[in-house]
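1. Coordinates for the following, if possible.
(chains A, B, C and D)
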There are 2 protein chains.
Amino acid sequence: MKRPTLEAVAARAGVSRATVSRVVNGQLTVTPQIRDAVMRAVDELGYVPNSAARSLVTQRTDSIALVVSEPPTRVFSEDPMFSTVIRSASLELEAADKQVVLMLAGSPTSHARIERYIASGHVDGVMLISMHGADPLPAAIARMGVPVVSYGRPAVPVPLPFVDNDNVGGAEKAVRHLLDRGRRRIATIAGPQDMIGGQDRLAGYRNALRESDRRSIVAVGDFTRESGAIAMRHLLEDDPQLDAVFVGNDLMAIGALQTLRQSGRRVPDDVAVVGFDDIEAARYTEPPLTTIRHPIIEQASAMVRLLLGMFKGGPAAPVILPTELVIRESA
Amino acid sequence: MKRPTLEAVAARAGVSRATVSRVVNGQLTVTPQIRDAVMRAVDELGYVPNSAARSLVTQRTDSIALVVSEPPTRVFSEDPMFSTVIRSASLELEAADKQVVLMLAGSPTSHARIERYIASGHVDGVMLISMHGADPLPAAIARMGVPVVSYGRPAVPVPLPFVDNDNVGGAEKAVRHLLDRGRRRIATIAGPQDMIGGQDRLAGYRNALRESDRRSIVAVGDFTRESGAIAMRHLLEDDPQLDAVFVGNDLMAIGALQTLRQSGRRVPDDVAVVGFDDIEAARYTEPPLTTIRHPIIEQASAMVRLLLGMFKGGPAAPVILPTELVIRESA
DNA sequence: AACCGTTCAGAGAGCGCTCTCGGCGAATCC
DNA sequence: GGATTCGCCGAGAGCGCTCTCTGAACGGTT
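-> Numbers count the residues shown, from 1 in each chain, chains lettered A, B, ... in the order given. Here you go, the predicted model:
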């Protein structure tokens, strides 16, 4: 009851191994008559090519590693973005007949494991999802001569093609919206400064404020709901008069709304709130959250296309996708 | 600049291929002195075994497929459970030095793709996550002689080892809690009846009510927040006097809370609400949601252990994990 | 001194496939 | 009609590894 091999199919169809191989791989240099005979033998035996043997000679595996580096805070897995990215990248790769190998780079030991895995030729290319700043993985993998792309701009300046959304521009858009609405004291709850998203969105906030001569009021969270609630409390202590806050992501914005409610502030009447990400929950907050939407799905598929393009020797230029202001009731 | 092979390492260390293989695979029948020489050569050349060549002869790949069948409604990817299961299964497998290959069985074409992939020997075993009822995949894969386990009891009675939580018992627990609190008209919003979780939780609701001679009031949703809101509206129309509702999952419960608020009902004073799953958002609803917690992480790691056990010829008996009532303010 | 058991390294086959190369028959050309 | 080209199939090498089998070397026994 072993799995049939090429040899077995060849014997049954009365041809050589090479011919069967040609048919299975869709080459056109085979007489239709023989082709049919081979196909019939394949069906009858239920033949499926052995992938190890195939990739031993072709040096290809048709699978791609999706390496997810978790940030120090363990919230990433609760972040809906996580599954959205994985899902849309999978769909896109599936369409290109590539398989996805998911690797979690959480524990300290996993780095070596992942490097070994990639070095051993399991995959043809790597997609990195690493929000983390000082992550040594990108550089390490890039060094091995395997094509790599990154989801999100790498924090350390490593020569790595990436696809990112316009974090700076999005934050500017958010703050300008608050200015347009006549807000005067605009604070921000920034994300962790060892993540690129945290840095860039804070930079965007500063840019927009600088143009308008307002002073900046900054608290820092870690992208979790809870940290948003705490940061909001600090902001209110620092400046009870503030009338707007731009929050580095929606999760923290939800926490901030909670604090504002507890402190008796009305949103948006007393304090306007703008988030970032447009996660699904943003539609269901009280009041619904005005936020910056960035195209997660498009970003994931752009990343896939970038990597697939590199296989064909295409250019490896970074891609930056635009953001969009979604106005709801909180600002 | 090719990757070094066993041959190259053997040449450098001045030994045979076989000896290098022995050292690399940690056999103890090698003189320490030679062993050291080989290890040095391995380091100097940066040798990493070629996985295709290795698994061609060993017939093992040390990777496991995690096949996620999406239900017809596209919400699964937004369900936080999704990432939690993937994450904890990955961690557990990683500890056993196995790799995770993620496969999404969404599109209609993907079935054949997945079957081919598994048939071609890419993986040593398969973990199925399929909430979907009439899914033909479990049976198909089981037929190929590859060890398979299922996350959640398969809806069709297929002889497949699985790990599930006690959906029936959990639902009973929820309803009994409502009865204990003196509620008289207890409705339910059931999940889709082509998913096993939807069926079993409804069965539990019925069991508990039957014991107490209350009549059942049933609406059906599809596990999305929106469907919960709509179902709640129907329930209120059917029986404006109802004073409690057991909802098949937290996402729908959140929708139900929304409807209740809009209709002027106070929770829990007028209507008590109990959910199921204890997702993170359940702690942040208004009021915080009483719900049934089931150990997702434990369930995932139990599934991994079950599969790994099967490799060693262990038993393949189903595992059912207990649930727990988490009392917050909504009931 | 001859024999034997033991330990450990090397030789070589073979896992299942792809791909180049050569050969053979048929078609084409002068 | 003979030389040349072309299309199509088979033979066989080889991808990088594991693993069995063989054989050399060594120490201990009679």
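
2. OK, contacts around A:A171?
-> A:D200, A:R201, A:L202, A:A203, A:G204, A:Y205, A:N207, A:A208, A:F246, A:F276, A:I292 (C-beta atoms under 8 Å, 6 or more residues apart in numbering or on different chains). Any C-beta I mention is one placed from the backbone N, CA and C, and that applies to glycine too.

3. my guess is the last one is in a helix, correct?
-> To tie it back to what came earlier, the one meant is A:I292. No - going by DSSP: H, G, I helix; E, B strand; the rest coil, the assignment for A:I292 is strand, not a helix.

4. Make TSV out of the contacts of A:A171 and add secondary structure, pLDDT and neighbour count.
-> Shown next, in TSV, are the contacts of A:A171 (DSSP: H, G, I helix; E, B strand; the rest coil; pLDDT from 0 to 100; neighbours: other C-beta atoms under 10 Å in any protein chain shown):
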residue	secondary structure	pLDDT	neighbour count
A:D200	helix	95	23
A:R201	helix	96	28
A:L202	helix	97	23
A:A203	helix	96	15
A:G204	helix	96	27
A:Y205	helix	97	26
A:N207	helix	95	15
A:A208	helix	95	25
A:F246	strand	98	30
A:F276	coil	96	31
A:I292	strand	97	28
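
5. will you turn those into a markdown table that also has distance to A:E237?
-> Converted to a markdown table, these look like this (distance: C-beta to C-beta, whole Å):
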| residue | distance to A:E237 |
| --- | --- |
| A:D200 | 27 |
| A:R201 | 23 |
| A:L202 | 20 |
| A:A203 | 25 |
| A:G204 | 25 |
| A:Y205 | 20 |
| A:N207 | 26 |
| A:A208 | 24 |
| A:F246 | 18 |
| A:F276 | 23 |
| A:I292 | 27 |
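
6. Could you point out the member of these that lies closest to B:L242?
-> Comparing the contacts of A:A171 against B:L242 with C-beta to C-beta picks out A:F276 as the nearest, at 40.0 Å.

7. From A:G198, how far off is the closest one?
-> 10 Å (C-beta to C-beta, to the nearest Å).

8. where do the contact lists of the two overlap?
-> A:G248.

9. Can you tell me which residues in the stretch 51-200 of chain A are near chain B?
-> For the stretch 51-200 of chain A, the contact set with chain B under C-beta under 8 Å from any C-beta of the partner chain comprises A:51-53, A:55-56, A:61, A:63, A:66, A:77-78, A:80, A:82-84, A:86-87, A:90-91, A:94, A:97, A:99-104, A:106-107, A:110, A:113, A:116-117, A:119-122, A:145.

10. Separate out the buried members of the residues you listed.
-> Using 16 or more other C-beta atoms under 10 Å in any protein chain shown as the burial test, these include A:51-53, A:55-56, A:61, A:63, A:66, A:77-78, A:80, A:82-84, A:86-87, A:90-91, A:94, A:99-104, A:106, A:110, A:117, A:119-122 as buried.

11. among the residues you listed, which are in reach of DNA strand D?
-> A:A53, A:L56 (C-beta under 7 Å from any atom of the strand).

12. Narrow the buried ones among the residues of the stretch 51-200 of chain A next to chain B to those in helices?
-> A:51-53, A:55-56, A:80, A:82-84, A:86-87, A:90-91, A:94, A:110, A:117, A:119 (DSSP state H).

13. per the record, what domains does chain A have?
-> Domain segmentation of chain A under automatic domain parsing yields A:6-49, A:63-164+A:297-321, A:167-293.

14. Averaged pLDDT, the first one. What do you get?
-> pLDDT averaged over domain A:6-49 equals 92, rounded to a whole number.

15. Over to the second one?
-> When the per-residue pLDDT values of domain A:63-164+A:297-321 are averaged, the result is 84.

16. coming back round to it: which among the contacts of A:A171 gets closest to A:V220?
-> For the contacts of A:A171, the nearest to A:V220 is A:L202 (8.4 Å; C-beta to C-beta).

17. Against A:P147, how distant is whatever residue of the stretch 51-200 of chain A ends up closest to DNA strand D?
-> DNA strand D sits closest to A:V57 of the stretch 51-200 of chain A, with a gap of 3.7 Å, by C-beta to the nearest atom of the strand. Applying C-beta to C-beta, the value for A:V57 to A:P147 is 21 Å.

18. residues in contact with A:I129?
-> A:L66, A:V67, A:V68, A:S69, A:V85, A:S150, A:Y151, A:G152.

19. out of these, who has the most neighbours?
-> Counting neighbours by other C-beta atoms under 10 Å in any protein chain shown, A:S150 leads these with 28 neighbours.

20. doesn't A:F162 make contact with it?
-> Yes - with contact defined as C-beta atoms under 8 Å, A:S150 reaches A:F162; the gap is 4.0 Å.

21. anything in contact with each of those two?
-> Residues touching both A:S150 and A:F162 (C-beta under 8 Å, 6+ apart) are A:M303.

22. Give me the pLDDT for the residue nearest to A:R233 when sequence neighbours are not counted.
-> Setting aside the residues directly before and after it, A:R233 is nearest to A:T259 in space (C-beta to C-beta, 6 or more residues apart in numbering or on different chains), at 5.3 Å. pLDDT, A:T259: 96.

23. contacting residues around A:T259?
-> Contacts of A:T259 (C-beta under 8 Å, 6+ apart): A:G228, A:A229, A:I230, A:M232, A:R233, A:L236.

24. Tally up the residues packed near A:G221, please.
-> The burial count for A:G221: 27, using other C-beta under 10 Å.

25. To clarify, my last question referred to A:V148.
-> A total of 27 residues lie near A:V148 under the criterion other C-beta under 10 Å.

26. Shouldn't the residue nearest to A:R233 be within a helix?
-> Yes - looking at A:T259 with three-state DSSP, it is inside a helix.

27. okay but A:L308 is in contact with A:A96, surely?
-> Yes - counting by C-beta under 8 Å, A:L308 touches A:A96, with 5.7 Å between them.

28. quick one, which of those two is more surrounded?
-> Relative neighbour count places A:L308 above the other of A:L308 and A:A96, with 20 against 13, counting by other C-beta under 10 Å.

29. host element of that one?
-> Element membership for A:L308 (DSSP states H and E) is helix A:296-311.

30. quick check: angle from that helix to helix A:80-95?
-> In terms of direction (axes from the mean of the first three to the mean of the last three C-alpha atoms, to 10 degrees), helix A:296-311 departs from helix A:80-95 by 40 degrees.

31. so after helix A:296-311, what's the next helix or strand?
-> strand A:319-321.

32. Show me what the following helix or strand past that next one is packed against.
-> Sequence order places strand A:324-326 as the next helix or strand after strand A:319-321, per DSSP H and E. Judged by 3 or more C-beta pairs under 8 Å, 6 or more residues apart in numbering or on different chains; DSSP states H and E, the packing partners of strand A:324-326 are helix A:167-180, strand A:291-293.

33. Strand A:324-326: partners in the sheet, and parallel or antiparallel?
-> strand A:291-293 (antiparallel) (DSSP bridges).

34. still on that earlier bit, between A:V57 and A:P147, point out the one with more neighbours.
-> Comparing A:V57 with A:P147 by other C-beta under 10 Å, the one with more neighbours is A:P147, at 20 against 10.

35. which residues does that one contact?
-> A:D124, A:G125, A:V126, A:L307, A:M310, A:F311.

36. Filter those down to just the buried residues.
-> Buried, going by 16+ other C-beta under 10 Å: A:D124, A:G125, A:V126, A:L307, A:M310, out of the contacts of A:P147.

37. Export those as JSON lines, with columns for distance to DNA strand C.
-> Formatted as JSON lines, these follow (distance: C-beta to the nearest atom of the strand, whole Å):
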{"residue": "A:D124", "distance to DNA strand C": "14"}
{"residue": "A:G125", "distance to DNA strand C": "18"}
{"residue": "A:V126", "distance to DNA strand C": "23"}
{"residue": "A:L307", "distance to DNA strand C": "21"}
{"residue": "A:M310", "distance to DNA strand C": "20"}
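
38. could I get those as CSV with distance to B:P288?
-> Listed next are those as CSV, based on distance: C-beta to C-beta, whole Å:
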residue, distance to B:P288
A:D124, 48
A:G125, 45
A:V126, 42
A:L307, 43
A:M310, 49
